[in-house]
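1. Got a sequence here, can you build the structure:
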Amino acid sequence: MAVAPERWYSPAQSRHITLGDLKISYVPDGYVELEPEGWYRTTTFPTRPPVSEDGYLIGSVGSVVIHEADGLVVIDAGFGPLQLPRHRTHPSLGTMRGGLNPEYATLGDERIKALAITHAHEDHVGWIGADQPDRLSPEQVFVGAPDAARLAHLTGTINVGALRGGEQISDSVRAIHTPGHTAGHMSYMVESRGERALIFGDVFHSPVQFHDTTMGPWSDEKPDQARRSRKLVAELLTEPHTVGVGYHFADIVFGTLTPEGWQPLHL
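-> As a prediction, this is how the structure comes out:
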């Protein structure tokens, strides 16, 4: 049975899955509106983009939280307490809104043993802040080595681990280098009891791209690399017992990839 149609064009809600012995949560912070033709620089799509009444793809922002026995591993840090109206963003964007979810502040109530960043764009690092009570202050931050310099002004005294790909950053989480959107873009594979979840950041911004992995946004720094990373991620998502986590997807963040495309989980 399909999920409610409005979930395809609504900002993500807080949702959770069980993966082996782990709980994985998506904690939304806000959303960004993406104008499809401008964002992807095309008027031809392999399937109709799931847009809102205003004609925008809805890109959620927030954090993916892996609940391990001795603390949290948090993937990405949202947009932060910032709101930009349409006339102050890029022509291919609409409104950008962060700081919308009070649940975000409670992340700091538990031990955050690691914060792993997919890449250092502003909508993924907004709540990082060493020694600031309203920001995430993890014991360690991980980021792809080529992106590390972009975080220096945020991390302060927090230890930063520069990743190359392949590193095991916690008991359940392994880094996979998926460059293209940025040089240091990382995806993260979570594994527990034979089940897997792949958190792929900005490798895909919308499920429409699964129907044509050559289609990428103007914001990809290295389009050829980005295409190869989309192909790799799509292949990994088709392996058995693998769930995908689409950071920027609408309220369909958790899903599986089938020959028919993205299939959101019923949560």
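2. C-alpha only now, for contacts and for neighbours.
-> Will do.
3. What are the contacting residues of the lengthiest helix in the chain?
-> Scanning the chain for the helix with the most residues, using DSSP state H, yields helix 223-237. Defining contact as C-alpha atoms under 8 Å, 6 or more residues apart in numbering, one finds that helix 223-237 is touched by 178-181, 198, 200, 203-204, 210, 213-216, 220, 242-244, 256-257.
4. which is the next helix or strand following it?
-> Later in the chain than helix 223-237, the nearest helix or strand by DSSP states H and E is strand 242-245.
5. I'd like to know which elements that next one is packed against.
-> Judged by 3 or more C-alpha pairs under 8 Å, 6 or more residues apart in numbering; DSSP states H and E, strand 242-245 is in contact with strand 195-199, helix 223-237, strand 254-258.
6. Include distance to residue 30, mean pLDDT and mean neighbour count when you put those into a markdown table, please.
-> Output for the helices and strands packed on strand 242-245, formatted as a markdown table (distance: least, C-alpha to C-alpha, whole Å; pLDDT from 0 to 100; neighbours: other C-alpha atoms under 10 Å):
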| stretch | distance to residue 30 | mean pLDDT | mean neighbour count |
| --- | --- | --- | --- |
| strand 195-199 | 18 | 98 | 22 |
| helix 223-237 | 25 | 98 | 19 |
| strand 254-258 | 17 | 98 | 20 |
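7. Which one of those lies nearest to residue 113?
-> Of all these, it is strand 195-199 that lies closest to residue 113, at 18.1 Å by C-alpha to C-alpha.
8. are any of the contacts of helix 223-237 buried, and which?
-> Buried members of these, scored by 16 or more other C-alpha atoms under 10 Å, are 178-181, 198, 200, 203-204, 210, 213, 215-216, 220, 242-244, 256-257.
9. end-to-end on stretch 5-23?
-> In stretch 5-23, first residue to last residue: 26 Å (C-alpha to C-alpha, to the nearest Å).
10. tell me, how many neighbours does residue 175 end up with?
-> Residue 175 is flanked by 26 other residues according to other C-alpha atoms under 10 Å.
11. again, but for residue 148
-> Counted with other C-alpha under 10 Å, residues neighbouring residue 148 total 19.
12. excluding its backbone neighbours, what's nearest it?
-> Spatial nearest neighbour of residue 148, chain neighbours left out: residue 162 (6.5 Å); criterion: C-alpha to C-alpha, 6 or more residues apart in numbering.
13. Could you check which helix or strand contains that neighbour?
-> Using DSSP H and E, residue 162 falls within strand 159-163.
14. So which elements touch that strand?
-> Helices and strands touching strand 159-163, by 3+ C-alpha pairs under 8 Å, 6+ apart, are strand 140-144.
15. Would you mind measuring from residue 39 to residue 180?
-> Residue 39 is 16 Å from residue 180, where distance means C-alpha to C-alpha.
16. Now stretch 33-48: buried residues?
-> Going by neighbour count (16+ other C-alpha under 10 Å), the buried part of stretch 33-48 is 33-36, 39-40.
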